[in-house]
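K.L.:
sequence below, structure please.
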Amino acid sequence: MSILESECRIIYICRNPLDMFISYRHFSLENKFVKDATPLELDEAFDMFCTGIHIMGPFWDHVLGFWNAHLENPRKVLFLKYEDLKEDIGFNGKKIVEFLECPFTHCFNPNISPCWLFKALWLVTEKSNVTRIVNIL
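P.N.:
Below you'll find the predicted structure:
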């Protein structure tokens, strides 16, 4: 059974593809996975990423799968963009709270910090037995 066929609700947080590529590039250069490996040139690594050759698989295949699942069943899959979440944590935090049907929606503070929001959501979902999956690309 795939995750999309399960009973759980899914919050999918997608990053801008260029930001994701650059972030992963910095991470992989700082944390060499193979001790004496020579890193690819930036242009070559970017071309590979754009053609779907990446450690996490083709970016668009992954994102579009969850985007389409969100369109087909928005009560099961919430699709958010990381940049939007970061820009307006109040609005998007409220969307998350409503999606999870958390009991503290009525007292949601729009000035809440992102770290506190996710910690609070984790505690509430743990206590209310709501299954949670957060995937940040």
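K.L.:
please report phi then psi for residue 13.
P.N.:
phi -110, psi 120 (degrees, to the nearest 10).
K.L.:
likewise residue 77?
P.N.:
Recorded main-chain torsions at residue 77 are phi -120, psi 120, according to degrees, to the nearest 10.
K.L.:
now for it: which residues touch it?
P.N.:
Taking Cβ atoms under 8 Å, 6 or more residues apart in numbering, we find residue 77 in contact with 4, 9-10, 12, 66, 69-70. C-beta coordinates here come from the backbone N, C-alpha and C atoms, glycine included.
K.L.:
make a markdown table out of those residues and add neighbour count, secondary structure and pLDDT.
P.N.:
Conversion of those to a markdown table gives the following (neighbours: other Cβ atoms under 10 Å; DSSP: H, G, I helix; E, B strand; the rest coil; pLDDT from 0 to 100):
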| residue | neighbour count | secondary structure | pLDDT |
| --- | --- | --- | --- |
| 4 | 15 | helix | 63 |
| 9 | 18 | coil | 86 |
| 10 | 21 | strand | 88 |
| 12 | 21 | strand | 90 |
| 66 | 21 | helix | 90 |
| 69 | 18 | helix | 90 |
| 70 | 17 | helix | 94 |
